[in-house]
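Participant: the sequence and its predicted three-dimensional model are supplied below.
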Amino acid sequence: MAARTGGTLGARQLAALLADAADARPAYRSLARATGALILDGRIALHVRLPAERDLATALATSRATVTAMYDLLREGGFAYSRRGAGTWTDLPGDHAPRGVTRLLGAPDTAIDLARAAPELPERALTAALARVAPLLAEHAHTPGYHPYGLPGLRAALAERFTRRGLATLPDQILVTSGAQHALSLVLGLLARPGDRALTENPSYPNALDALRRARLRLVPVPVADDGWDVGITEATFRQAVPSLAYLVPDFQNPTGHLMPDEHRARLLRAAARCGSWLVIDETLTDLALDVPPPAPFASHAAPGATGQVVTVGSMSKTHWAGLRVGWLRAPARLVTELAGQRVATDMGGPVLDQLLALDLLSGTDALLPPRLERTRERRAALAGALAEHLPHWSWRLPPGGLSLWVDLGEPVSSALAERAGEYGVRIEGGAYFGADPGVFEQRLRVPYTLPPDTLREAVRRLAAALAEGPGPRPAARGPRWIA
């Protein structure tokens, strides 16, 4: 729609512009943000009368309360003003623009971020690593710098790491990627077609679920309950659904923190082999074993002589630093070659500097990891203590590893609470964000313990204050992110 000044914007016109935002949760905030963005880029003109609340609610197939809250937020952010008896009109924030734009569009501010479970890297470790790899980077400057399979030295180090953990691996079985999410996307592009079934845990890692949906796969969820996986149900699902692939996080599962028993791993390897399914195993949290020995690779539990169809994905994000954007996958050498060929179509290879840093940091893992794990235990204890003090009616199980607690709130208010928490300076995602099915896990909240203890205690105090005020009306239900 061309920008113009004055006049009225029809309900159907605005609904068409907001179609992508209407399904997001909470709906009123997503719609307000999208409208503010449209005003800022000129697609909605200034001083245009917005549709009546009832008309826009009908056009969006949502409740009038949602549109009322959307307009309230637009006015609060300075993107609209109302005249009694004349309606609501578009505007731009004035003197309060930074605050208004920040609150409406979600720009970074001083909020405590509990939406990401990712640790920081000690500055000294990064500075020392940069000094060590600088001469090596200069040597690589005399080469083209393209390594679609990854730097040979890094591939060899990763293969040796798998072998040391109990799974004999050659460098030809390793592909270095730009993070674990990149590795998963490559695998989905090669091993699955739109409409194929994909078995996945429920709950699971949201970005992986989104990748499966974007590949237009039909999700077949299996439950991960308070006591872990029901291996019998999962075996039966393999038999009945015969999925093309299964995405599993057996090591300190995200978000529950569960560790899959060895006997369950062997059974699922057999179940997948019987129906010809590929297993995509996410090991990004494997090294974060806080109370138990680090688990052996999932694929090492295959029966002697069994080939199996297993792709193992890992990265530096959870053990070192997500800013490196270095991940990898281990797979049969033939599949690695095919994946590298697919990768070249969109990405000629990862940055040499990042890979040199990854190689250097991996070589020092034995020195870097123990103090990191101890610091993580202290943060976990601080979070658990703060929850017990300020929110004693919430419950959780202390996970043996990983980076977060999967908290039971006792009532289905997590999305509304997450929304209210933003007003108290805490960013957190409701439990429904981790569900393979829409609308589930509203009584759950994932609370990471990656921040300093004092920050975690303050975050819990703010959550308790937000809950005491009341989470407010429950946000409008969010539909599936992808509909077949």
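Facilitator: Alright, I've got the coordinates.

Participant: this protein: strands as residue ranges?
Facilitator: Along the chain, the stretches classed as strands by DSSP state E are 80-83, 87-90, 112-113, 174-177, 197-202, 218-225, 228-229, 245-248, 278-282, 310-315, 327-330, 404-408, 426-427, 444-448.

Participant: tell me how many other residues crowd Ala303.
Facilitator: 10 (other Cβ atoms under 10 Å). No exception for glycine: its C-beta is placed from N, CA and C like everyone else's.

Participant: in terms of contact, does it touch Arg270 like I think?
Facilitator: Yes. If you go by Cβ atoms under 8 Å, Ala303 and Arg270 touch, sitting 7.1 Å apart.

Participant: tell me the spacing between Val67 and Glu419.
Facilitator: 16 Å (Cβ to Cβ, to the nearest Å).

Participant: compare those two and say which one has the larger neighbour count.
Facilitator: Neighbours per residue (other Cβ under 10 Å) separate Val67 from Glu419, with Val67 holding more: 26 against 21.

Participant: wait, what's in contact with that one?
Facilitator: By Cβ atoms under 8 Å, 6 or more residues apart in numbering, Val67 lies in contact with 28, 31, 53, 56-57, 60.

Participant: what does Thr169 give?
Facilitator: Thr169 is in contact with 158-160, 162-163, 330, counting by Cβ under 8 Å, 6+ apart.

Participant: top of the residues you listed by number of neighbours, please.
Facilitator: Top of these by neighbour count (other Cβ under 10 Å): Arg330, with 26 neighbours.

Participant: where does the residue nearest to that one when sequence neighbours are not counted land on pLDDT?
Facilitator: The spatial neighbour of Arg330 that comes closest, neighbours along the chain excluded (Cβ to Cβ, 6 or more residues apart in numbering), is Thr312 at 4.4 Å. The predicted structure scores Thr312 at 97 on the pLDDT scale.

Participant: would you list the contacts of Val67 in TSV and tack on neighbour count and distance to Thr365?
Facilitator: Output for the contacts of Val67, formatted as TSV (neighbours: other Cβ atoms under 10 Å; distance: Cβ to Cβ, whole Å):
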residue	neighbour count	distance to Thr365
Tyr28	25	46
Leu31	27	46
Glu53	19	57
Leu56	25	55
Ala57	20	55
Leu60	23	51
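
Participant: how much space separates the spatially closest residue to Thr376 that is not a sequence neighbour from Leu361?
Facilitator: With Cβ to Cβ, 6+ apart as the criterion, Thr376 has its nearest non-adjacent residue at 6.3 Å, and that residue is Leu290. To Leu361, Leu290 is 20 Å away according to Cβ to Cβ.

Participant: these two: which is more packed in?
Facilitator: Remark: of Leu290 and Leu361, Leu361 carries more neighbours, 23 against 17, as counted by other Cβ under 10 Å.

Participant: distance check, the residue nearest to Thr376 against Gly401.
Facilitator: On the measure of Cβ to Cβ, Leu290 and Gly401 end up 5 Å apart.

Participant: domain ranges for the protein?
Facilitator: With automatic domain parsing as the criterion, the domains of the chain are listed as 11-109, 110-484.

Participant: apart from its chain neighbours, what residue comes closest to Val460?
Facilitator: Ala386 (3.8 Å).

Participant: swap in Thr163?
Facilitator: Spatially, and ignoring its direct neighbours in sequence, Thr163 is nearest to Thr169 (5.2 Å; Cβ to Cβ, 6+ apart).

Participant: okay, and for this structure, where does confidence drop off?
Facilitator: In the predicted model of the chain, residues 1-6, 22-25, 84-85, 94-110, 305-308, 470-484 satisfy pLDDT under 70.

Participant: middle-most residue in it, spatially?
Facilitator: Asn207 (4.0 Å; Cα atoms, centre = their mean).

Participant: residue contacts, the closest residue to it other than its chain neighbours?
Facilitator: In this structure, Asn207 finds its nearest non-sequential neighbour in Gln181, 5.7 Å apart by Cβ to Cβ, 6+ apart. Counting by Cβ under 8 Å, 6+ apart, Gln181 makes contact with 207-208, 211, 327.

Participant: repeat that for Ala80.
Facilitator: Neighbour list for Ala80: 50, 71, 74, 88-91 [criterion: Cβ under 8 Å, 6+ apart].

Participant: relative to Thr62, how far out is it?
Facilitator: Applying Cβ to Cβ to Ala80 and Thr62 gives a distance of 18 Å.

Participant: same check, this time on Leu335
Facilitator: 45 Å.

Participant: tell me the spacing between the residue nearest to His140 when sequence neighbours are not counted and Ala384.
Facilitator: Excluding the flanking residues, the one nearest His140 by Cβ to Cβ, 6+ apart is Val352, at 5.1 Å. Computed as Cβ to Cβ, the Val352 to Ala384 distance reads 42 Å.

Participant: same question for Pro295.
Facilitator: 23 Å.

Participant: Leu17 and Ile44 touch, don't they?
Facilitator: Yes. Using Cβ under 8 Å, Leu17 is in contact with Ile44, at 7.2 Å.

Participant: the more surrounded of those two?
Facilitator: Per other Cβ under 10 Å, whichever of Leu17 and Ile44 has more neighbours is Ile44, with 22 against 16.

Participant: how much space between the more buried one and Asp91?
Facilitator: For Ile44, the distance to Asp91 (Cβ to Cβ) stands at 11 Å.

Participant: give the burial count for the closest residue to Arg132 other than its chain neighbours, as a bare number.
Facilitator: Setting aside the residues directly before and after it, Arg132 is nearest to Asp360 in space (Cβ to Cβ, 6+ apart), at 5.6 Å. Neighbours of Asp360 under the rule other Cβ under 10 Å: 19.

Participant: Asp360 is in contact with Val133, isn't it?
Facilitator: Yes. Counting by Cβ under 8 Å, Asp360 touches Val133, with 5.4 Å between them.

Participant: contacts only, for Leu121.
Facilitator: Counting by Cβ under 8 Å, 6+ apart, Leu121 has contacts 320-321, 323.

Participant: no wait, Asp227
Facilitator: Here Asp227 is in contact with no residues (criterion: Cβ under 8 Å, 6+ apart).

Participant: what is the burial count for the residue lying closest to Ile112 once chain neighbours are set aside?
Facilitator: Once flanking residues are discounted, Ile112 sits nearest to Ala459: 4.5 Å by Cβ to Cβ, 6+ apart. Counted with other Cβ under 10 Å, the neighbours of Ala459 add up to 25.

Participant: thinking Ala459 is in contact with Val426, fair?
Facilitator: Yes. With contact defined as Cβ under 8 Å, Ala459 and Val426 form a contacting pair (5.3 Å).

Participant: so for these two, which residues contact both of them?
Facilitator: Between them, Ala459 and Val426 share these contacting residues under Cβ under 8 Å, 6+ apart: 112, 114.
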